[in-house]
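S.K.: kindly generate the corresponding structure for this input.
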Amino acid sequence: MNATSRKLLTRPALEVAPRLLGARFTTTIGGETTTVRLTEVEAYMGADDPASHAYRGMTERTRPMFESAGVIYVYLSYGVHFCVNIVTGPPGEAQAVLLRGGIPVEGADVMERRRGRANNLTDGPGKLGQALGLTTAHSGHPIDGDLIGLESGKGPASILATPRIGISKAVDRPWRFVAGS
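M.R.: Predicted coordinates for the structure are as follows:
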């Protein structure tokens, strides 16, 4: 996203999340570029959301969530999956949008090598993080730097809002957004 688009990320995660559907998320890791078109995301609202990692305040791990909108927060799930979030909202509010899935549009061969398979490359948050080559070492990096890029795209024809997946608190909130056809 360009500078004006970064401004759009300063809105609440719940507002930003559906707007990210159709956007292109790009990484350049070790000289290899990969891009996905985002098709599934989830909003996390910080201190107002018991399912958010930031619900109980800042820790060393969650520090990037408290930064300015437009950085990524990467965490390790179950000790094996790197999950990628885009920080939204004003500094200190710790809101973020989890990137749950996408469609490869560039660097599919790189994604296949990173994932060790040719199918189901980016249809889940851990798979997406692995395919894009992101780890916790990248947490806190800006989305408009040399490593990571976010570019607005044509939004989907429809958006389905459902409860979030894989959480045990605030499970009834329809804050998961999926691109329709």
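S.K.: quick one: the strands in this protein, in order.
M.R.: 24-29, 32-44, 72-77, 81-88, 95-106, 148-151, 159-162, 176-179 (DSSP state E).
S.K.: what packs against the fifth one?
M.R.: Helices and strands touching strand 95-106, by 3 or more CB pairs under 8 Å, 6 or more residues apart in numbering; DSSP states H and E, are helix 13-20, strand 24-29, strand 32-44, strand 81-88, helix 125-132. (Glycine included, C-beta is placed from N, CA and C.)
S.K.: at 6 Å what do you get?
M.R.: helix 13-20, strand 32-44, strand 81-88, helix 125-132 (3 or more CB pairs under 6 Å, 6 or more residues apart in numbering; DSSP states H and E).
S.K.: now the second one
M.R.: Helices and strands touching strand 32-44, as assessed by 3+ CB pairs under 6 Å, 6+ apart, comprise helix 13-20, strand 24-29, strand 95-106, helix 108-115, strand 176-179.
S.K.: how about these, which one is nearest Ala47?
M.R.: In terms of CB to CB, the element of the helices and strands packed on strand 32-44 nearest to Ala47 is strand 95-106, at 9.1 Å.
S.K.: can you give me the end-to-end distance of stretch 87-102?
M.R.: Start-to-end span of stretch 87-102 (CA to CA, to the nearest Å) is 18 Å.
S.K.: now Pro125, nearest residue through space, not along the chain?
M.R.: Distance criterion CB to CB, 6 or more residues apart in numbering; nearest residue to Pro125, sequence neighbours excluded, is Cys83 at 4.3 Å.
S.K.: could you verify my assumption that that neighbour touches Gly124?
M.R.: No: Cys83 lies out of contact with Gly124 (CB atoms under 6 Å); the separation is 9.3 Å.
S.K.: more neighbours, these two?
M.R.: Cys83 (23 against 18; other CB atoms under 10 Å).
S.K.: re the thing from before, just say which of the strands of the chain is most tucked in.
M.R.: Stretch with highest mean neighbour count among the strands of the chain: strand 81-88 (a mean of 25; mean count of other CB atoms under 10 Å).
S.K.: chain center to it, what's the gap?
M.R.: 4 Å (CA atoms, centre = their mean, to the nearest Å).
S.K.: how about stretch 46-66?
M.R.: Worked out by CA atoms, centre = their mean, stretch 46-66 lies 15 Å from the chain centre.
S.K.: ditto for stretch 8-16
M.R.: So, by CA atoms, centre = their mean, the centroid of stretch 8-16 is 13 Å from its chain's centroid.
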